[in-house]
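Chemist: coordinates for the following, if possible.
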Amino acid sequence: MALLAAISMAVISCGGNGKKLLPNVSGKAGEVIVVINQAEWEGEVGEELRTLLASDCPFLPQKEPLYTLVNITPADFSNIFQIHRNLLLVDINPAMDSSRVVFRSDVWASPQCVINVLAKDSDAALSLLRNDGRNIQTMLEQAERDRIITNSKKYEESSLRPIVCKFAGGSPYFPVGYKLKKQTDDFLWIAYDTQILQDVFVYKFPATGKDDFSPENLVAKRNEFLKNNVPGMFENTYMTTSNITMPSVEYLKYKGLDFAEMRGFWEVYNDYMGGPFVSHAFYSQDGKEIIVLEGFVYAPKYDKRNYLREVESILYSFEWNNSGRKD
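Modeler: Residues are numbered from 1 along each chain as shown. Okay, here's the model as predicted:
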C-alpha cells in the first residue's frame, strides 16, 4: 500500500505549470491498466470496475468490451507500466483524509490519461465508482478520441478539406489514405478501403423545423440517401439500416456544436454484408439544411471496436470553416 500511496501523491502533485519532457505512451488502443490490490480486484470493487469499463460495447455485431482491462498489483507497477496510455489507479487506505476521484493528464508519458481513485475503504471506493462512473468513462473516451484526432490533424489528407468545406461549410480531419469516392450535389462518399472499410458519408437535406432530428426522420433520410448512392455488389442491392435492432439516438453538445448522434447497424438489402455505423446530424450554419456525417465499418473476421472508434473520432474532429463562428 505504501508504494501505491506514493504513486497517488505523485499523480496529485503533477498539476504544476512546469513543462516536462515525457516519453510517448505505450499500450494498445482501447486498453486500460488497472492498478489495484488483488483482493479488491477479485471483490466488489473489481466487479464494479469490470461492469463500468468492460461491459459489452453497444452496437457491435460480436461481443467486445468497452475497454480491455489489464490488472496490475501495486507491487508490479513498474516503469514499464507507468508510461501506458490509460491508467486507473485505485488506492484504498484507511489513512486517507478523504475519498475522491482525481483526473490527470500526461503524468509519466504523453498523451496519457491517469485516473486516481482514492478511498478510505471498499465501500467508499464503490460509492466513488458508482457516482463518478460516467465521468471516468468520459475521460477515457475523450483521451482515446483526442489521440486519434491529433494524428488525423498531423497526417491530414489536405485535398479533402476544401471539398467538404465547400459542400457543408466545414469538415472533419481525414488522415492520409482517405479518398473521395463519390460526389453529387447532396452526397459525398469518402473512403478508406483496405481489407477493412472505414468510410465516411457526408450528406445534406432541407430543414423543415419539425422533427428534423427525430429517430424516425433520421433513419428515413439515411435510407433514402443510401439507396440512391450506395449500391451493393449485385443488382437490386444497396446499403440500408438494419431493423433487427433499432438505432439509438442521443442529443449531444461537443465543442459548441449541438448534434444528434445515431448508432446502429447497417446492412445490404438482398445481400449478407453488414456492420456498425455512427452518425452526427446538425444544422448548417444558416439553419436551412441538416448536415449528416456518418462513419461505418465493414470488417468481417475482425474485432470492430477500435475501427469504429477511429472513424467515430473523425466525425468528432469536425470544425466549421470560419474560425470566427459564434457558438
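Chemist: all contacts plus neighbour counts: C-alpha atoms, from now on.
Modeler: Will do.
Chemist: can you list the buried residues in stretch 123-139?
Modeler: 124-129, 133, 136, 139 (16 or more other Cα atoms under 10 Å).
Chemist: and for stretch 149-165?
Modeler: Going by 16+ other Cα under 10 Å, stretch 149-165 has these buried residues: 149, 152-153, 156-157, 160-161, 163-165.
Chemist: just flag the most distant two among the buried residues of stretch 123-139.
Modeler: Across the buried residues of stretch 123-139, the longest distance by Cα to Cα is 20.6 Å; it joins Ala124 and Met139.
Chemist: all the helices of the stretch 101-250 of the chain, residue numbers only.
Modeler: 122-131, 133-154, 160-168, 215-229 (DSSP state H, counting those that start in this stretch).
Chemist: tell me which of those helices sits nearest to Gly256.
Modeler: helix 133-154 (15.5 Å).
Chemist: CA-only coordinates of the closest one in CSV, if you can.
Modeler: Presented in CSV, the C-alpha positions along helix 133-154 are these (Å, rounded to 0.1, in the frame of the first residue of the first chain):
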residue,chain,number,x,y,z
GLY,A,133,-18.6,6.3,-13.3
ARG,A,134,-19.8,8.3,-16.2
ASN,A,135,-17.0,10.9,-15.7
ILE,A,136,-14.5,8.1,-15.7
GLN,A,137,-15.9,6.7,-18.9
THR,A,138,-15.9,10.2,-20.5
MET,A,139,-12.3,10.9,-19.5
LEU,A,140,-11.2,7.7,-21.2
GLU,A,141,-13.4,8.2,-24.2
GLN,A,142,-12.0,11.7,-24.7
ALA,A,143,-8.4,10.6,-24.3
GLU,A,144,-8.8,7.8,-26.9
ARG,A,145,-10.6,10.2,-29.2
ASP,A,146,-8.1,13.1,-28.8
ARG,A,147,-5.2,10.8,-29.7
ILE,A,148,-6.8,9.8,-33.0
ILE,A,149,-7.8,13.4,-33.8
THR,A,150,-4.3,14.6,-33.1
ASN,A,151,-2.9,12.1,-35.6
SER,A,152,-5.6,12.9,-38.1
LYS,A,153,-4.6,16.6,-38.0
LYS,A,154,-0.9,15.8,-38.1
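Chemist: show me the contact partners of that helix.
Modeler: Contacts with helix 133-154, where a contact means Cα atoms under 8 Å, 6 or more residues apart in numbering, come from 29-30, 52-53, 86, 103, 111-113, 115, 173-176, 309-310, 313-314, 317.
Chemist: inside strands: which ones of those residues?
Modeler: 86, 103, 113, 115 (DSSP state E).
Chemist: my read: the first one touches Glu31, true?
Modeler: Yes. Contact between Asn86 and Glu31 holds when scored by Cα atoms under 8 Å: they sit 6.8 Å apart.
Chemist: any idea how far the residue of the chain most remote from its centre lies from Lys28?
Modeler: In terms of distance from the mean C-alpha position of the chain, Ala95 ranks first, at 36.9 Å (Cα atoms, centre = their mean). For Ala95, the distance to Lys28 equals 35 Å [Cα to Cα, to the nearest Å].
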